[in-house]
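Enquirer: Sequence first, then the predicted structure:
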Amino acid sequence: LSERLSGVFERLTSRGALTEDDVRTALREVRVALLEADVSLPVARDFVRRVQEKATGQAVTKSVTPGQQVVKIVHDELVAVLAGDGAEIGRLKIDNPPAPILMVGLQGSGKTTTTAKLAKRLKEVEHKRVLMASLDTNRPAAMEQLEILGRQIGVDTLPIVKGETAQAIARRAKQQALLGGYDVYMLDTAGRLHIDAELIQQAAEVRDIVSPRETLLVVDGLTGQVAVEVAEEFDDKIGITGVVMTRMDGDGRGGAALSMRAVTGKPIKFVGTGEKMDALEEFHPERIAGRILGMGDIVALVEKAQATIEAEEAERMMKRFQKGRFNMNDLKMQLEQMLRMGGMEGIMGLLPGMGKMQKQIAEAGFDDKVIRHQIALINSMTKKERANPQILQASRKKRIARGAGLEVQDLNRLLKMHRQMSDMMKKLGRMGKGGALKQAMR
Ligand code: GDP
Ligand code: MG
């Protein structure tokens, strides 16, 4: 695959902004990579379409090819989709003890193993008292399996009572968790080889008995396409709060993670990486994205090129500041950089003393739209005005605002920001002359 890709990259030689053609050509290969990684077809198609729109027109970093640039954009988008807001990764809602956690999934997906792994983690990392109960009434061996694991990790299990229904066990676990002063009780439900009505019905009844704080779907990361149907069905019928992907120690590429995320919108919280009780990790979107795409070296290359350019740009700016110069062209560059870097973490983040200004800008509600307006205002100025913004009087202001399709007060806001920034730059420049700035940059 990577041979095929490098061929494509050689053919793409244009520089500047990514054309629709650049993007389409590179995305053809990306789509193949996604499908090879077991991302489901509709999800892959949808993802590629979104990136196509997003990537076209974006700037190509110096010294990388358009194809490589597209791969980097794809990678970042993958990470973004996989991570969501990232708040729930590696976390379980276990306030209001005893907090019930319901484990669901197909047979053999790793439910029982994962139940014990999570219990061990809750006990050791969060110092919680945990009770585990097996609801797998079809297979007595499964109940014993959980009991053995419990003994191994030093976590209590609900005593096994022969002939009880899953619902009765759930009630008893709830009772026992309350009486025994447990923080968390985990219910390991029965699985089947395929989703069927009875399995779903039982899980739904158990859910209604305990009102789980978390309903975690355990999915075998090697199953690929099937995982999506399973996730969709369980989320539809039971309502899941998160996913644990097991067998990520195998050589599956993990495409199911993207599909499940896209289809259910539920966070992937943990991954299982082996049979041992310690083989459980927090989900790392970056790692899975790398695995799905399988183009890690290209991503690293583009990141390196971008870092180099940022450092060069910072240095160039610094020289100007030291001479006490900061005009509208400089401001425009800053604003464009902010857009490229997705908001506040522009070049300013690289400069000492800039954190405070970034915060001010952020507090002023400075989103992408505002930044684009600011740039439009600067574009609407003449060369002379950009170099000397102090010459802007009422009539010039009106013309500039009209040219950008905005109000004079928008322009005034821009001018105020420019004034504040040049003051800051002057201070930095003075620091620089004394060598303090260079010191600070190190
Ligand atoms: P259940 O039927 O869903 O309860 O699945 P089990 O927990 O009994 O697991 C089935 C098999 O998969 C067992 O042999 C586990 O040791 C194994 N297993 C579970 N999780 C993982 C994992 O993350 N990696 C590997 N390699 N094996 C796992
Ligand atoms: Mg089991």
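Expert: Sure thing, it's come through. Ligands and ions are numbered 1, 2, ... in the order given.
Enquirer: Now for Ile94: which residues touch it?
Expert: Neighbour list for Ile94: 101, 122, 126, 128, 183-184, 213-214 [criterion: CB atoms under 8 Å, 6 or more residues apart in numbering]. Every residue, glycine included, has its C-beta placed from N, CA and C.
Enquirer: repeat that with 7 Å
Expert: By CB atoms under 7 Å, 6 or more residues apart in numbering, Ile94 lies in contact with 128, 183-184, 213.
Enquirer: just Pro212 next, same as before
Expert: Pro212 is in contact with 100-102, counting by CB under 7 Å, 6+ apart.
Enquirer: Output those as JSON lines; include the columns pLDDT.
Expert: Output for the contacts of Pro212, formatted as JSON lines (pLDDT from 0 to 100):
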{"residue": "Pro100", "pLDDT": "98"}
{"residue": "Ile101", "pLDDT": "98"}
{"residue": "Leu102", "pLDDT": "98"}
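Enquirer: Just put the residues you listed in a markdown table and tack on secondary structure.
Expert: Formatted as a markdown table, the contacts of Pro212 follow (DSSP: H, G, I helix; E, B strand; the rest coil):
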| residue | secondary structure |
| --- | --- |
| Pro100 | strand |
| Ile101 | strand |
| Leu102 | strand |
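Enquirer: before we move on, the earlier item: filter the contacts of Ile94 down to just the ones in strands.
Expert: Val184 (DSSP state E).
Enquirer: mind putting the contacts of Ile94 in CSV, distance to Leu222 and pLDDT included?
Expert: Supplementary listing: these in CSV, determined by distance: CB to CB, whole Å; pLDDT from 0 to 100:
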residue, distance to Leu222, pLDDT
Lys128, 31, 97
Asp183, 33, 98
Val184, 29, 98
Arg213, 29, 97
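Enquirer: what subset of the contacts of Ile94 is also close to ligand 1?
Expert: Here nothing survives when the contacts of Ile94 are matched to ligand 1 using CB under 6 Å from any ligand atom.
Enquirer: ok, and the most crowded of the contacts of Ile94?
Expert: With neighbours taken as other CB atoms under 10 Å, the top of the contacts of Ile94 is Val184, carrying 25 neighbours.
Enquirer: That one is in contact with Asp95, isn't it?
Expert: No: with contacts counted by CB atoms under 7 Å, Val184 stays clear of Asp95, the gap being 10.3 Å.
Enquirer: coming back round to it: go through the contacts of Ile94 and say which is closest to ligand 2.
Expert: Val184 (18.6 Å; CB to the ion).
Enquirer: Could you pull up the contacting residues of the closest one?
Expert: Counting by CB under 7 Å, 6+ apart, Val184 touches 94, 98-99, 101, 122, 128, 130.
Enquirer: Using PyMOL, define a selection of the buried residues within those.
Expert: Buried members of the contacts of Val184, defined by 16 or more other CB atoms under 10 Å, are picked up in PyMOL with:
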select buried, resi 94+98+99+101+122+128+130
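Enquirer: Tell me the bridge partners for whichever residue of the chain sits closest to ligand 1.
Expert: Nearest to ligand 1, among the residues of the chain, is Gly272, at 2.7 Å (CB to the nearest ligand atom). For Gly272, the beta-bridge partners are Leu280 (DSSP bridges).
Enquirer: number of nearby residues for it?
Expert: 25.
Enquirer: what separates it from Asp249, distance-wise?
Expert: Computed as CB to CB, to the nearest Å, the Gly272 to Asp249 distance reads 8 Å.
Enquirer: hang on, isn't the residue of the chain closest to ligand 1 packed against Arg247?
Expert: Yes: between Gly272 and Arg247 there is a contact under CB under 7 Å: 6.4 Å.
Enquirer: What ranges does the stretch 151-300 of the chain have for its strands?
Expert: Taking DSSP state E, counting those that start in this stretch to define them, one finds strands in the stretch 151-300 of the chain at 156-157, 184-188, 214-220, 242-246, 268-272, 280-282.
Enquirer: Burial-wise, tell me which of those comes out on top.
Expert: Using mean count of other CB atoms under 10 Å, the stretch among the strands of the stretch 151-300 of the chain with the greatest mean number of neighbours is strand 184-188 (a mean of 28).
Enquirer: Next up, phi/psi of the residue in the stretch 301-442 of the chain that ligand 2 sits nearest to, please.
Expert: Using CB to the ion, the closest approach of the stretch 301-442 of the chain to ligand 2 is made by Glu303 at 42.0 Å. Glu303 adopts backbone torsions of phi -60, psi -40, taken as degrees, to the nearest 10.
Enquirer: Which residue comes closest to it once chain neighbours are left out?
Expert: Lys72 (7.2 Å; CB to CB, 6 or more residues apart in numbering).
Enquirer: Regarding that neighbour, which helix or strand does it belong to?
Expert: helix 66-83 (DSSP states H and E).
Enquirer: one step back: of the contacts of Val184, which is the nearest to ligand 2?
Expert: Distance to ligand 2, by CB to the ion, is smallest for Ile101 among the contacts of Val184, at 14.9 Å.
Enquirer: Surely that closest one touches Leu217?
Expert: No: using CB under 7 Å, Ile101 makes no contact with Leu217, being 11.9 Å away.
Enquirer: interface residues of the stretch 101-250 of the chain facing ligand 2?
Expert: Within the stretch 101-250 of the chain, the positions adjacent to ligand 2 are 111-112, 142 by CB under 5 Å from the ion.
Enquirer: mean confidence for stretch 298-309?
Expert: In this model, stretch 298-309 has a mean pLDDT of 81.
Enquirer: Over to stretch 35-48?
Expert: 92.
Enquirer: I'd like the numbering to begin with 36 instead of 1 from here.
Expert: All right, first residue 36 from here; so that's stretch 70-83.
Enquirer: Check which residues of that stretch are buried.
Expert: So stretch 70-83, judged by 16+ other CB under 10 Å, has buried residues 72-75, 78-79, 82-83.
Enquirer: same thing with stretch 435-455?
Expert: Quick answer for stretch 435-455 (16+ other CB under 10 Å): 435-436, 439, 441, 445-446, 448-450, 452-453.
Enquirer: for stretch 255-273, same thing?
Expert: Quick answer for stretch 255-273 (16+ other CB under 10 Å): 255-259, 261-263, 265-266, 269-270, 272-273.
Enquirer: residues in contact with that stretch?
Expert: Contacts of stretch 255-273 (CB under 7 Å, 6+ apart): 73, 75, 139, 141, 144-145, 230, 235, 238-239, 242, 250, 252, 254, 275, 278, 280-283, 285, 287, 289-291, 294-295, 298-299, 301.
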